[in-house]
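1. can't give you the sequence, but here's the structure:
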């Protein structure tokens, strides 16, 4: 079968490998969609310390079951499924407390296990053990289901930042995650959602789809001042930094209202992980700064339901659909910011 496989930084190949078979406790699926994200671009260029090549890439996975391994119950060939990306152990102290997103033993599809840029793949027993294989609701396409994984990550972040009724929310970064954050914040009852982005072209592409209450180009104006103007000097209740930018995190603190919540959603480059924080702003405004790390199996289930009910539409965010042999080209499209969401259809 055909796969897209990482061999070394800068060496990703479209190639033939033997078709896998499901072992005990496993499920084999025919991959129908595996969507791409910025992490795929980083892996293709720089590798990852959890990836021991060669490794089939791809972690935003949806498909249909082909065969079920011995000992697997409740699943049958033809079932339409979505696969979690981050796999908690389900047994450690954090998992037992319901904190699966911060499981210290977490492993991942496309990193520790073969991923979804393939015609067929095996869902490992580790996924089934934590109830991480999810039925795709009726009326939800495979492509939409593949976007449930990044939506689940956004859901985790907005839960932690307590996004809710009447909030003014700022999303910094207008990539696919930023667009999902805008729509999710609206679904959670935000009064207004503002979108901030450095690239005018990317901002307009995203704003035309998700229709924020204001679209602010940070290359042209001071976004902190703009948010203050839009909120009559008060600042925003929630700021989500959906960009790998230390400056965005610093600006997020500055534009927060009293008792505002700042979500550091986008991680920073490992060679520059620190920012300057005005601690007095945090102290006197009683601000909350919270991280967000991936999603749990339950978040994935909730994300699929949000898509199924229409609360968070995702179909129009998929701007590019490419065959499996176009996956390497897709990384370039993502890196250049020419798309919102690119999905691969093996």
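-> Structure's in. What do you need? None of the values given here were measured: they were computed from a predicted structure.

2. contact partners of the helix or strand where residue 3 lies?
-> Assigned by DSSP states H and E, residue 3 falls within strand 2-8. For strand 2-8, the external contacting residues (C-beta atoms under 8 Å, 6 or more residues apart in numbering) are 12-17, 43-44, 47, 51, 53-58, 114, 117-119, 324-325, 327-328, 344, 346. For every residue, glycine as well, the C-beta is placed using N, CA and C.

3. PyMOL command for the buried members of those residues?
-> Selection of buried members from the contacts of strand 2-8 for PyMOL, criterion 16 or more other C-beta atoms under 10 Å:
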select buried, resi 12+43+44+47+51+54+55+56+57+58+114+117+118+324+327+328+344+346
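
4. among the contacts of strand 2-8, which are in strands?
-> 12, 13, 14, 15, 16, 55, 56, 344 (DSSP state E).

5. if I look at residue 231, how far off is residue 224?
-> Note on residue 231: its distance to residue 224, by C-beta to C-beta, to the nearest Å, is 11 Å.

6. tell me which of the two has more neighbours.
-> residue 224 (20 against 17; other C-beta atoms under 10 Å).

7. which residues touch that one?
-> Residue 224 neighbours (C-beta under 8 Å, 6+ apart): 251, 254, 255.

8. wait, residue 305 touches residue 135, no?
-> No. Using C-beta atoms under 8 Å, residue 305 is not in contact with residue 135; the gap is 10.9 Å.

9. which residues are in contact with each of these two?
-> Counting by C-beta under 8 Å, 6+ apart, nothing touches both residue 305 and residue 135.

10. the residue nearest to residue 255 when sequence neighbours are not counted: what's it in contact with?
-> Closest residue in space to residue 255, ignoring its immediate chain neighbours: residue 227 at 4.3 Å, by C-beta to C-beta, 6 or more residues apart in numbering. Residue 227 makes contact with 170, 194, 196, 216, 235, 236, 255 under the criterion C-beta under 8 Å, 6+ apart.

11. just checking, residue 249 touches residue 276?
-> No. Applying C-beta under 8 Å as the test, residue 249 and residue 276 come out as separate, 9.5 Å apart.

12. quick one, which of the two is more surrounded?
-> A count of neighbours by other C-beta under 10 Å puts residue 249 above the other of residue 249 and residue 276, at 23 against 10.

13. does that one count as helix, strand or coil?
-> helix (DSSP: H, G, I helix; E, B strand; the rest coil).

14. and it, what is it in contact with?
-> 241, 262, 264, 268, 275.

15. filter the residues you listed down to the buried ones.
-> Members of those classed as buried by 16+ other C-beta under 10 Å are 241, 262, 264, 268.

16. quick check: the farthest pair among the residues you listed?
-> 262 and 268 (14.1 Å; C-beta to C-beta).

17. hmm, back to that, for the residue nearest to residue 255, give me phi and psi.
-> phi -70, psi -40 (degrees, to the nearest 10).

18. quick one: contacts for residue 319?
-> 339, 340, 341, 342.

19. filter these down to the buried ones and hand me the ChimeraX line.
-> ChimeraX command restricting the contacts of residue 319 to the buried ones, with burial defined by 16+ other C-beta under 10 Å:
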select :339,340,341,342
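
20. ok, so of the contacts of residue 319, who is nearest residue 28?
-> Closest to residue 28, out of all of those and judged by C-beta to C-beta, is residue 342, at 25.3 Å.

21. paired strands for the host helix or strand of that closest one, with orientation please.
-> Assigned by DSSP H and E, residue 342 belongs to strand 341-345. Sheet partners assigned to strand 341-345 using DSSP bridges are listed as strand 27-35 (antiparallel), strand 318-323 (parallel).

22. adding distance to residue 4 and pLDDT, write the ones in strands among the contacts of strand 2-8 out as a markdown table.
-> Listed next are these as a markdown table, based on distance: C-beta to C-beta, whole Å; pLDDT from 0 to 100:
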| residue | distance to residue 4 | pLDDT |
| --- | --- | --- |
| 12 | 6 | 96 |
| 13 | 7 | 96 |
| 14 | 6 | 96 |
| 15 | 8 | 97 |
| 16 | 12 | 97 |
| 55 | 10 | 98 |
| 56 | 7 | 98 |
| 344 | 8 | 97 |
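
23. which members of the residues you listed are the farthest-apart pair?
-> 16 and 344 (17.0 Å).

24. and the helix or strand where residue 334 lies with strand 27-35, angle?
-> Here residue 334, judged by DSSP H and E, is contained in helix 327-335. Following axes from the mean of the first three to the mean of the last three C-alpha atoms, to 10 degrees, one obtains 40 degrees for the angle between helix 327-335 and strand 27-35.
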